[in-house]
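In: okay, predicted coordinates and the sequence, questions at the end:
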Amino acid sequence: MKVVVDARPALEARKTGVGHYTTHILRTLPGADPLDEITAWYLHPQGLLRPRPLFPDVPGLHEKASRIPRRVFGSLSARLGEPRIERFLDLDVLLATNFLPPATASPGVVLVVHDLAFRRFPETAPHVSAGWLQRFEGWLARAARVIVPSVSARDDLRDLYGVDPGRIDAIHHGVDAHAFRPAPEPVVADMRRRFEIAGPYALFVGGIEPRKNLERLVRAFGRVRGLDDVSLVIAGGSVRWFPEAPQQLEAAIAALPAGVGSRVIRTGYVSQADKVALMTAATLMVYPSRYEGFGFPVMEAFAAGLPVLTSNVSSLPEVAGDAAELVDPEDTDAIAAALERMLQDRDLLDNLAAAGVARVSGFTWEATARATAATLHRAHATARG
């Protein structure tokens, strides 16, 4: 079986969750499915002059770069359905890693639908056009199989689009626990110096967008009492689909009581090394998102041994299990009370940290790849009739 994986999200310089998912699938799928031919396909116009593999250290992974500028390809693909990916390589199954596949006539498409935030909270997704929604609905009907990262997302797909649950495979993402081992003290000290972080802090990691509920988190932090040495660190950059979100966040910070706003620290987008250092030194992770399809930061915090406060909605209770403190993300007072309680209860923090480490052991990329390989084989069987 010839499997093509849309590798384009893995090439993004500032990867979001979709980019990290695609990268890990490319690295683990060949080992999970060694008898099949796995090819990473992407757009790489520079390859015309200096072709070189982007994943040279992955045994069994083939690569195919189509030498077309991304914007040109995207426009043609959306408007004309051309050029089809079949012009560049043969395939039996296509894993569409980012909601929609490239133009194709293949009956063996497997869609990966990471979340339904654009339907649950359309005001947070102004970049989603009517044309995109139409194409998405069309591919939901045509795809051989659909992968989602949680049972919660599967239920959303069923409820919002009427997709037969029998065509949907809920496959949890993994986490590379090794990558979140505690950073050495000199690295942590350098991180604190660069970001001007002194003393204990609660940490948020993620994109700056309304769905992450950061304005409410900031207001909740302003209501925490008796912990004037604690900071709130917000690590994440702006997202291209909601560029005004950072300004809205800054306005919320400016509205805090005197002496509190100076304890809210924004780092901007952080590298993997800085993220690990931030998690190493943090007291807890706070992630009161209004909606997630999975919730990578929760799992990453577990891997780092960091206690977690997160939301009791969407996929987050499913992912966190009993290893995190859960709170209503729409209740500012509840978030504040949970923050205050956790910051003052060392035993609770220790118990949650231990529970998180235990829970994350069940979420590996190897398991994700094995389940994905099984879905690809089911899609191939469906495509062949």
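Out: In hand now; what should we look at?

In: for this protein, what spans make up the strands?
Out: Residue ranges of the strands in the chain, as given by DSSP state E, are 2-6, 37-43, 61-66, 93-96, 109-112, 145-148, 168-170, 201-205, 231-235, 264-268, 284-287, 308-311, 325-327.

In: now these in JSON lines, with distance to residue 374, mean pLDDT and mean neighbour count?
Out: In this view, the C-beta of every residue, glycine as well, is placed from N, C-alpha and C. Below are the strands of the chain laid out as JSON lines (distance: least, C-beta to C-beta, whole Å; pLDDT from 0 to 100; neighbours: other C-beta atoms under 10 Å):
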{"stretch": "strand 2-6", "distance to residue 374": "12", "mean pLDDT": "97", "mean neighbour count": "24"}
{"stretch": "strand 37-43", "distance to residue 374": "14", "mean pLDDT": "94", "mean neighbour count": "21"}
{"stretch": "strand 61-66", "distance to residue 374": "19", "mean pLDDT": "92", "mean neighbour count": "19"}
{"stretch": "strand 93-96", "distance to residue 374": "12", "mean pLDDT": "98", "mean neighbour count": "26"}
{"stretch": "strand 109-112", "distance to residue 374": "11", "mean pLDDT": "98", "mean neighbour count": "26"}
{"stretch": "strand 145-148", "distance to residue 374": "10", "mean pLDDT": "98", "mean neighbour count": "26"}
{"stretch": "strand 168-170", "distance to residue 374": "8", "mean pLDDT": "98", "mean neighbour count": "20"}
{"stretch": "strand 201-205", "distance to residue 374": "31", "mean pLDDT": "98", "mean neighbour count": "24"}
{"stretch": "strand 231-235", "distance to residue 374": "36", "mean pLDDT": "98", "mean neighbour count": "23"}
{"stretch": "strand 264-268", "distance to residue 374": "40", "mean pLDDT": "97", "mean neighbour count": "18"}
{"stretch": "strand 284-287", "distance to residue 374": "30", "mean pLDDT": "98", "mean neighbour count": "26"}
{"stretch": "strand 308-311", "distance to residue 374": "30", "mean pLDDT": "98", "mean neighbour count": "26"}
{"stretch": "strand 325-327", "distance to residue 374": "31", "mean pLDDT": "98", "mean neighbour count": "20"}
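
In: output those strands in TSV, with distance to residue 343 appended to each entry.
Out: Shown next, in TSV, are the strands of the chain (distance: least, C-beta to C-beta, whole Å):
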stretch	distance to residue 343
strand 2-6	43
strand 37-43	44
strand 61-66	45
strand 93-96	43
strand 109-112	37
strand 145-148	35
strand 168-170	34
strand 201-205	7
strand 231-235	11
strand 264-268	15
strand 284-287	7
strand 308-311	10
strand 325-327	11
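
In: and residue 251, which of those is closest to it?
Out: Minimum separation from residue 251 across the strands of the chain (C-beta to C-beta) falls at strand 264-268, 12.2 Å.

In: please save the CA atoms from that closest one in PDB.
Out: This file holds the C-alpha atoms of strand 264-268, laid out as PDB (Å, rounded to 0.1, in the frame of the first residue of the first chain):
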ATOM      1  CA  VAL A 264       1.700  39.300  34.300                       C
ATOM      2  CA  ILE A 265       4.600  38.500  32.000                       C
ATOM      3  CA  ARG A 266       4.300  37.900  28.300                       C
ATOM      4  CA  THR A 267       7.200  36.000  26.700                       C
ATOM      5  CA  GLY A 268       5.900  35.900  23.100                       C
END
